[in-house]
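> Predicted model and sequence follow; I will ask about them next.
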Amino acid sequence: MADIFNEVDEEVRREKLKALWDRYSLVIIAVAVLIVAGIGGWRAYEYYVGQKASVAGAAFEDAVTLSEQGKHAEAEKAFAKVAGEAPKGYAVLARFRAAAELAAANPGKPEEAVKAYGAIAADGSLGPLWQDLAAVRAGLLLVDSAPYADLRSRLEPITAAGRPYRHTARELLALSAFRANDVAETRRYIDMISADAETPPGSRQRVEVLSALIAGEGKAAADGKKG
């Protein structure tokens with residue numbers, strides 16, 4: 001008797017499954033096709049991205065080779081081409097390298113390179129890390145020639161606590177203020193550098209030299225008045 005009941009139960013289950021299949025077979029097949037197509041599409045996309053990155057990497061290396069050979073104008077054009085065509089990672093690096101090549105190709109005339117770095121610094125899609133780095137790179141080119149007010153307008157926001165390139169920005173501004181004979185501003189940035197526990201040792205040593213120069217000039221001025 002138990003075998004008969006089991007056979008009946010099995011027959012009922014088969015009938016239910018057949019009814020479900022008859023009712024939903026098209027839906028099940030469609031879902032399966034979509035899953036397979038989705039996996040295939042994703043694999044194709046991964047392959048496409050990989051190929052594009054490979055091409056960009058080769059073009060970037062070719063541009064680096066031109067730079068190492070001292071062909072800065074050609075290297076700048078090659079990096080600019082990569083920046084316009086490559087995936088985001090390579091594109092950002094290529095924009096920085098193109099700006100650097102402009103500086104190398106025109107020593108003593110940093111205007112074009114500064115403009116290129118300025119465009120990167122103004123590009124909000126890159127995020128503050130890249131933007132701050134571009135502003136500091138422009139500052140490095142300008143510190144010997146630009147007025148202190150110009151440099152301050154570019155770098156002052158980067159000196160805030162927590163900004164990754166604040167140490168370099170503060171040091172550049174201290175040096176620029178010193179060259180402008182603005183002792184108060186020079187000391188303000190020196191104090192910021194000295195008070196920051198995360199200031200690198202190299203920066204501390206350089207601003208200590210700057211502090212000594214200020215003290216020496218102050219003493220010389222005082223002695224001159226006495227004389």
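Everything's here; your move.
> Excluding sequence neighbours, find me the nearest residue to the residue nearest the centre of the chain.
Compute the mean C-alpha point of the chain, and by Cα atoms, centre = their mean the closest residue is residue 130, 2.8 Å away. Using Cβ to Cβ, 6 or more residues apart in numbering and skipping residues adjacent in sequence, the residue nearest residue 130 is residue 92, 6.0 Å away. Heads up, the C-betas are built off the backbone N, CA and C, glycines and all.
> Contacts only, for that neighbour.
83, 120, 126, 130 (Cβ atoms under 8 Å, 6 or more residues apart in numbering).
> Kindly provide the whole-number mean pLDDT of the one helix or strand residue 56 maps to.
Per DSSP states H and E, residue 56 falls inside helix 2-68. Taken as a whole, helix 2-68 has an average pLDDT of 67.
> Can you name every helix or strand that the helix or strand following that helix contacts?
Next helix or strand after helix 2-68 toward the C-terminus (DSSP H and E): helix 72-85. In terms of contacts (3 or more Cβ pairs under 8 Å, 6 or more residues apart in numbering; DSSP states H and E), helix 72-85 is packed against helix 2-68, helix 88-105.
> still on that earlier bit, most neighbours of all the contacts of residue 92, which one?
residue 83 (23 neighbours; other Cβ atoms under 10 Å).
> so that residue makes contact with residue 98?
Yes - judged on Cβ atoms under 8 Å, residue 83 makes contact with residue 98 at a distance of 6.1 Å.
> okay, now residue 161: neighbour count?
Residue 161: 9 surrounding residues under other Cβ under 10 Å.
> Contact partners for the residue nearest to it when sequence neighbours are not counted?
Nearest non-adjacent residue to residue 161, counting by Cβ to Cβ, 6+ apart: residue 196, 7.6 Å away. Contacts here follow Cβ under 8 Å, 6+ apart; on that basis residue 196 touches 161, 166, 167.
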